[in-house]
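In: generate coordinates for the sequence data below:
(one chain, ligands or ions: 1)
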Amino acid sequence: MRKLIIAYTMLSVFLIGTVNAQNTNINNKKTETMKFELPKLPYATNALEPVIGQQTIELHYGKHLQTYITNLNNLIQGTKFENADLETIVKESDGPIFNNAGQTLNHNIYFLSFSPNGGGEPKGKLADAINAEWGSFENFKKEFNAAGTAVFGSGWVWLSKDSEGKLHITKEANAGNPITKGYTPLLGFDVWEHAYYLDYQNRRADHLVELWKIIDWEAVGARY
Ligand code: MN
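Out: A predicted model of the protein is given here:
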C-alpha cells in the first residue's frame with residue numbers, strides 16, 4: 001500500500017511537471033485540474049538590461065503578472081469561464097474578469113516578445129506587410145511610438161492584423177487587447193507606469209524608443 005502511495009505521488013509530481021514544462025505559449029491554457037500559470041521567460045531577469053532593468057522584470061513579471069493570473073484563477077471559479085481558454089475569456093467577459101484576463105493575455109504576449117539578442121528589423125511576410133502599410137520600418141516605428149506616447153494614463157499600444165492580413169496600430173486603455181476588435185495581436189508595448197518608471201521615470205517616450213532594441217522578431221513574426 002505504501003509503495004502504491006509513493007508511486008502515485010511520484011506520478012502526480014511528474015504530471016504536474018509536464019504541464020508546467022509545456023506552459024510557454026501566450027495562451028497558457030490550463031487543463032481541467034490546472035490553473036493559469038506564469039509563462040516561462042525565455043531569458044534571465046537581468047538579460048534585457050539596460051533596456052529593461054532586472055528589478056522591473058522581477059516586479060512586473062513576478063508580481064504584477066502573477067497577481068493578474070491569481071486574481072483571474074480566483075474570479076473564474078464557479079463561472080462559465082472556469083474551463084475556458086484565455087482568449088475566449090478575454091473576448092466574452094467584462095468587469096474584473098475581463099481586466100485580469102486581458103492583462104494576463106497582454107503580458108503573456110509582451111514578455112514573450114523580447115530577447116537579449118533581439119532588435120534589428122522584421123523579416124519576410126511581416127516586413128512586407130509593414131512596408132505596405134507604412135512605407136518603411138522606420139515610419140512604422142515612429143507611428144507606433146507616437147501612438148504609445150499618446151495613450152492617456154494606463155494602457156497599451158498594439159500592432160495587430162485583421163482577417164485579411166492588413167496591419168493596424170491601435171491604442172488600448174487599461175487591459176484592452178485588439179482581440180476584442182477581431183484582430184490578432186502581434187506586438188504590444190505596455191505603457192502602464194509600472195512598465196518603465198523604475199528605469200525611465202516619467203520618460204515614457206524614451207522607454208518606447210529603447211524597446212525596439214530587444215524585440216524578438218522571430219517570435220513576433222510567428223504570430224503573423
Ligand atoms: Mn504591465
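
In: in this protein, where is pLDDT below threshold?
Out: 1-34 (pLDDT under 70).

In: can you pull out the helices in it?
Out: Per DSSP state H, the chain carries helices over the ranges 2-22, 54-59, 66-76, 86-92, 95-111, 124-134, 137-150, 197-200, 204-211, 217-222.

In: for the ion, find the nearest of those helices.
Out: When those are compared by Cβ to the ion, helix 95-111 sits nearest the ion, at 5.7 Å. (C-beta placed from N, C-alpha, C; glycine too.)

In: in that closest one, which residues are buried?
Out: When neighbours are counted by 16 or more other Cβ atoms under 10 Å, the buried residues of helix 95-111 are found to be 97-111.

In: what about that helix, near the ion?
Out: No: judged by Cβ under 5 Å from the ion, helix 95-111 makes no contact with the ion; its nearest approach is 5.7 Å.

In: need the contact list for whichever residue of the chain sits closest to the ion.
Out: Nearest to the ion, among the residues of the chain, is Asp190, at 4.2 Å (Cβ to the ion). By Cβ atoms under 8 Å, 6 or more residues apart in numbering, Asp190 lies in contact with 60, 106-107, 110, 156.

In: deepest of the helices of the chain, which one?
Out: The highest average neighbour count among the helices of the chain, using mean count of other Cβ atoms under 10 Å, belongs to helix 95-111 at a mean of 22.

In: next, the angle helix 204-211 makes with that helix.
Out: Helix 95-111 runs at 50 degrees relative to helix 204-211, counting by axes from the mean of the first three to the mean of the last three Cα atoms, to 10 degrees.

In: can you list contacts of helix 95-111?
Out: So helix 95-111 is in contact with 25-28, 36, 39, 41, 60-61, 64-65, 68-69, 71-72, 75-76, 79, 81, 86-87, 89-90, 93, 156, 174-177, 179, 185, 187-190, 223, going by Cβ under 8 Å, 6+ apart.

In: stretch 114-124 now?
Out: Contacts of stretch 114-124 (Cβ under 8 Å, 6+ apart): 42-43, 47-48, 52, 127, 130, 137, 212-217, 219-221.

In: quick one: buried residues of that stretch?
Out: Neighbour-count burial for stretch 114-124 flags 114-116, 118, 122 (criterion: 16+ other Cβ under 10 Å).

In: try stretch 76-87
Out: Of the residues in stretch 76-87, 76, 81, 84, 86-87 count as buried by neighbour count, 16+ other Cβ under 10 Å.

In: quick one: residues contacting the closest residue in space to His168 that isn't next to it in sequence.
Out: In this structure, His168 finds its nearest non-sequential neighbour in Ser160, 5.4 Å apart by Cβ to Cβ, 6 or more residues apart in numbering. For Ser160, the contact set (Cβ under 8 Å, 6+ apart) comprises 167-168, 170, 178-179, 181, 183-186.

In: how about a cut-off of 6 Å?
Out: Under the criterion of Cβ atoms under 6 Å, 6 or more residues apart in numbering, the contact list for Ser160 reads 168, 178, 183-186.

In: could you flag which of those residues are buried?
Out: By neighbour count, with 16+ other Cβ under 10 Å, the contacts of Ser160 hold 178, 183, 185-186 as buried.
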